[in-house]
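Enquirer: this is a predicted model, with the sequence first.
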Amino acid sequence: SQQGEEDPQALSIQEGENATMNCSYKTSINNLQWYRQNSGRGLVHLILIRSNEREKHSGRLRVTLDTSKKSSSLLITASRAADTASYFCALSLLGGFKTIFGAGTRLFVKA
Amino acid sequence: DVKVTQSSRYLVKRTGEKVFLECVQDMDHENMFWYRQDPGLGLRLIYFSYDVKMKEKGDIPEGYSVSREKKERFSLILESASTNQTSMYLCASTLDGEGKRDQPQHFGDGTRLSIL
């Protein structure tokens, strides 16, 4: 499957802890993106990392990409209750228009 | 900010009805997409369009058609609704063109469609 596969499927942590979500894939990519979806809403783009980049930061978010292992991780530091959402990795495949989304990780941050 | 607006948040229709889902974006984006989202399956691409009157099938086009008569509007049509089309439908848009491949997708808030 070309689909990105997130791990874990669900994660429950205390406010202030760090949350790490992983994404593995099987094909060659142009870039990898992470999105957040609050319950009942659309997806919101968080961060994009290109295939020639290894790490990227945006506020409390840190994304890594290892193209040799075909995997990426999203780290949310000092989590807040408002971070409770589903997080999706999305693969932009080489040579095409399509973006392939994984099934997501559900994050629950307890206050 | 880019705004992608889907005409209905919730919709209930009956089996066999023809259903129209509308999506409008206000940032002159070339590419527009329709996905359906089901628990445990992530987002699956139904159709996309890279220009007015142009359309391409995605991964699950059966039972659906689309229309793009104007750049800002992309419509998804369920020709004869069936219960297995009960789902969350998400519209997205993105820029395209030379040097713009690394553009994120901007999503609407979705339409939760129930077919009875």
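Expert: Yep, that arrived.
Enquirer: distance between stretch A:50-68 and the chain's centre?
Expert: Averaging C-alpha positions (CA atoms, centre = their mean, to the nearest Å) puts stretch A:50-68 10 Å from its chain's average.
Enquirer: meant to ask about stretch A:40-60, not that
Expert: Counting by CA atoms, centre = their mean, stretch A:40-60 comes out at 7 Å from the chain centroid.
Enquirer: could you do stretch B:83-98 as well?
Expert: 3 Å.
Enquirer: just the helices in chain A please.
Expert: Assigned helices in chain A: none (criterion: DSSP state H).
Enquirer: just for it, where's the confidence low?
Expert: By pLDDT under 70, the low-scoring segments of chain A are A:1-2, A:96-97.
Enquirer: one more time with 50, if that's ok
Expert: Along chain A, the parts satisfying pLDDT under 50 run over A:1.
Enquirer: next: chain B.
Expert: In chain B (pLDDT under 50), no residue qualifies.
Enquirer: please list the residues of it that sit near chain A.
Expert: Chain B comes close to chain A at residues B:4, B:31, B:35, B:40-43, B:45, B:48, B:50, B:56, B:58, B:90, B:92, B:96, B:101-102, B:104-110, B:112, as judged by CB under 8 Å from any CB of the partner chain. Quick note: C-beta positions are derived from backbone N, CA and C, even for glycine.
Enquirer: give me the buried entries from those residues.
Expert: Neighbour-count burial (16 or more other CB atoms under 10 Å in any protein chain shown) is assigned, among the residues of chain B next to chain A, to B:4, B:31, B:35, B:42-43, B:45, B:48, B:58, B:90, B:92, B:101, B:104-110, B:112.
Enquirer: circling back to that earlier point, inside strands: which ones of the residues of chain B next to chain A?
Expert: Residues from the residues of chain B next to chain A lying in strands, with DSSP state E as the criterion: B:4, B:31, B:35, B:42-43, B:45, B:48, B:56, B:90, B:92, B:106-107, B:112.
Enquirer: which pair in those spans the largest distance?
Expert: B:E56 and B:R112 (25.4 Å; CB to CB).
Enquirer: surely B:Y64 and B:L78 touch.
Expert: Yes. Using CB atoms under 8 Å, B:Y64 makes contact with B:L78 at a distance of 6.1 Å.
Enquirer: so who does B:R73 touch?
Expert: B:R73 sits next to B:E22, B:C23, B:V24 when contact means CB atoms under 8 Å, 6 or more residues apart in numbering or on different chains.
Enquirer: nearest to B:S82, of those residues?
Expert: B:E22 (20.4 Å).
Enquirer: could I get the contacting residues of that closest one?
Expert: Counting by CB under 8 Å, 6+ apart, B:E22 makes contact with B:Q6, B:S7, B:S8, B:R73, B:S75.
Enquirer: whichever of the residues you listed end up buried, select them in ChimeraX.
Expert: A single ChimeraX command is used to select the members of these judged buried by 16+ other CB under 10 Å:
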select /B:6,73,75
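Enquirer: from the contacts of B:E22, which land in strands?
Expert: B:Q6, B:R73, B:S75.
Enquirer: how about the residues you listed in JSON lines, adding distance to A:K26?
Expert: As requested, the ones in strands among the contacts of B:E22 are arranged in JSON lines below (distance: CB to CB, whole Å):
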{"residue": "B:Q6", "distance to A:K26": "32"}
{"residue": "B:R73", "distance to A:K26": "36"}
{"residue": "B:S75", "distance to A:K26": "34"}
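Enquirer: ok, of those, which one's closest to chain A?
Expert: If you rank the ones in strands among the contacts of B:E22 by distance to chain A using CB to the nearest CB, B:Q6 comes first, at 8.2 Å.
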